[in-house]
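Student: Got a predicted structure plus its sequence, pasted below:
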Amino acid sequence: MLRVAAVVACVGIFLAGADLAVTALIGNQTARQLSELSKLALRRSEAAIDSAGSILNRLIAKGPMDCSAVALQSLRLHVYQGTIIKDIRTVDRDGAVKCAAYSETLEFDNGWARRDEMFKSADGELRLFRVEQFTGAAFGVMRDIDPQRSLAAILRIDGNLLDVMPVGLRAESNVTLTLPDGEQVAGYHPDASARSPAQTVAFTTVSDRYPLQATIHVRPQSLSARGDLAYLLTMLAAGTLGGMFGLLLASYLSRPVDPVAELDRALAANEFKPYVQPTFRLKTGDIVGCEILARWEKPDGRLIPPMSFIPLAESSGRIERLTWQLLKTALRELQPEMKQDKLFKLSVNVTPRHLLGDRFIDDLRKTVASSSVSTRQVVLEVTEREELADLAKATDVVKELSELGFRVALDDVGIGHSGLSYIQRLGARILKIDKFFVDAITRDQSAIVVVQMLVALARELDMSVVAEGIEHQEQVDALIACGVEEGQGYLVAPPLSLGRFKQFLDVRRASAVPGQAGEPELAA
């Protein structure tokens, strides 16, 4: 009993002394830490804006941004090579969009800010604004080219950039980036349920360079819990320091799921879905096939566009698995339609690295054979943007694929690595003219010359030609005049889910008069 009493007495003395120290220090220390974290979130966001501003400066210095094929090519290449910018758009004096590096991104816009709704930076060179999209708010930066035109960049400021909170507070806090009118342009909400400011303690840092502020909202209960934890650790330090140190070390080593791990999770859950865009005859509007386009359907219903995950899938080596998943699903779901129309072609994009893989041909044969679809109904699209590491091997692969009945298309022709000898040697059967030239064909003579040259080359090599990104009937007329026979684009239909595409085909087939190009029977 005396031993127990001594232990109790010692513990009581230790607790009394530690209480005086911990109570005085813990409140101020937590506040300082959270204030520094809000500064970190703001500095990261300022750096992203600085980077975007530099890219816009370089583009403006290179030449006129006039929506020509050359100008659009320059915009797309800068988006393709970068990590901060999702899209670049040329806008008029009032801020209205005239053209975009990727016009496909316009389908995700719910609203666009006018010039008088944008906020000037401290030096007056940039304007910041919010872009309403159905996938969530996006953040825009605009710089003037001249008194009539400006360049606007849509930034990739997301949760990864604003994930600054330590593990113990991550799930109990929100980090937001807001404009002077209080509109949020980016946020990190780990628990997916943003709490109102009234329920939280806020720590805000305001930028002195941009009309922007970063705010951390933390629940008071979580701060108390954190304080109690530190208090308890101090009280029990003499007896439990080793064990508690191990637990803290394990918690600090824990990290949120990284983007590649999230990609693996989505692949395992089959969250990547094949959307398809019809291919049609320019003169009649008849549907002759479709191209598979990837979309990421999140569990919460959000639809993620391909530019947000395809580059990561390619760089991390997940693109092959993603491609097989999309192709198997599309073949299975569209097999009845392909059986009904033996001339219907299903196209799938294949990276050059995947095409040159050791098991590619065997895996492709097994996949198509298991679907009971003819190999002659499958088209493999190889992008011209990425150079083939071994052209001789690629030529052999394409030859073997052709002998098995598959068709190979060279995608994005005109803006990538290929020259005349490249196209001649590869042995592809289809040329797909890039959207750059389709966009400009009604207003730029040089685009007409390029398309005519590609059509002449295709005829000489016994190849067919497909034009991508057709949006207006005037473009159809110009392409027909150049000798192009088939095309894709929003004029007939946007990318559709497989269910919507089947409805689209049913409506076309049931129509008494075949649908004309430019008059889709099924709305987007």
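Tutor: Cool, got the structure.
Student: From here on, just use CA atoms for contacts and neighbour counts.
Tutor: Fine.
Student: what's the pLDDT at Phe134?
Tutor: pLDDT for Phe134: 72.
Student: any idea how far Met307 is from it?
Tutor: Distance from Phe134 to Met307, counting by C-alpha to C-alpha, to the nearest Å: 16 Å.
Student: ditto for Glu104
Tutor: 10 Å.
Student: least trustworthy helix or strand in this protein by mean pLDDT?
Tutor: helix 237-253 (a mean of 42; mean pLDDT, DSSP states H and E).
Student: Quickly list what Val97 is bridged to.
Tutor: Val91 (DSSP bridges).
Student: show me the contacts for it.
Tutor: 89-91 (C-alpha atoms under 8 Å, 6 or more residues apart in numbering).
Student: can you check Ala52 too?
Tutor: Taking C-alpha under 8 Å, 6+ apart as the test, what Ala52 contacts is 84-85, 141, 153, 155.
Student: Please identify the helix or strand for Ile216.
Tutor: Assigned by DSSP states H and E, Ile216 belongs to strand 213-218.
Student: Okay, and the beta partners of Val218?
Tutor: Assigned bridge partners for Val218, using DSSP bridges, are Ser173, Val201.
Student: Hmm, it is touching Thr200, no?
Tutor: Yes: Val218 is within contact range of Thr200, at 5.1 Å (criterion: C-alpha atoms under 8 Å).
Student: more neighbours, the two?
Tutor: Val218 (23 against 18; other C-alpha atoms under 10 Å).
Student: Look at Tyr80 and give its secondary structure.
Tutor: helix (DSSP: H, G, I helix; E, B strand; the rest coil).
Student: What does the pLDDT read for it?
Tutor: 74.
Student: count of neighbours near it?
Tutor: Neighbours of Tyr80 using other C-alpha under 10 Å come to 15.
Student: hang on, the earlier thing: helix or strand next in line after the least confident helix or strand of the chain, which one?
Tutor: Using DSSP H and E, the helix or strand that directly follows helix 237-253 along the chain is helix 259-268.
Student: got the CA positions of that following helix in PDB?
Tutor: Extracted C-alpha coordinates of helix 259-268, given in PDB (Å, rounded to 0.1, in the frame of the first residue of the first chain):
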ATOM      1  CA  PRO A 259      -2.700  10.400 -57.400                       C
ATOM      2  CA  VAL A 260      -1.200   7.100 -58.700                       C
ATOM      3  CA  ALA A 261      -2.700   5.100 -55.900                       C
ATOM      4  CA  GLU A 262      -6.100   6.800 -56.600                       C
ATOM      5  CA  LEU A 263      -5.700   5.800 -60.200                       C
ATOM      6  CA  ASP A 264      -5.100   2.200 -59.200                       C
ATOM      7  CA  ARG A 265      -8.100   2.300 -56.900                       C
ATOM      8  CA  ALA A 266     -10.300   3.600 -59.800                       C
ATOM      9  CA  LEU A 267      -9.000   0.900 -62.200                       C
ATOM     10  CA  ALA A 268      -9.800  -1.800 -59.600                       C
END
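Student: Okay, buried residues for that helix please.
Tutor: Neighbour counts over helix 259-268 (16 or more other C-alpha atoms under 10 Å) mark 260, 263, 266-267 as buried.
Student: least confident pick among those residues?
Tutor: Among the buried residues of helix 259-268, pLDDT bottoms out at Val260, giving 88.
Student: Give the full set of residues in contact with that one.
Tutor: 312-313, 316.
Student: For Thr105, see how far away the residue most central in space within the chain is.
Tutor: When C-alpha atoms, centre = their mean is applied to the chain, the residue found nearest the centroid is Ser308 (1.6 Å). Look at Ser308 and Thr105: by C-alpha to C-alpha, they are 11 Å apart.
Student: so where is the stretch 301-450 of the chain shaky, pLDDT-wise?
Tutor: 384-386, 414-421 (pLDDT under 70).
Student: Show me the helices in it, by range?
Tutor: 310-315, 319-340, 352-355, 360-370, 391-403, 420-426, 435-440, 445-460 (DSSP state H, counting those that start in this stretch).
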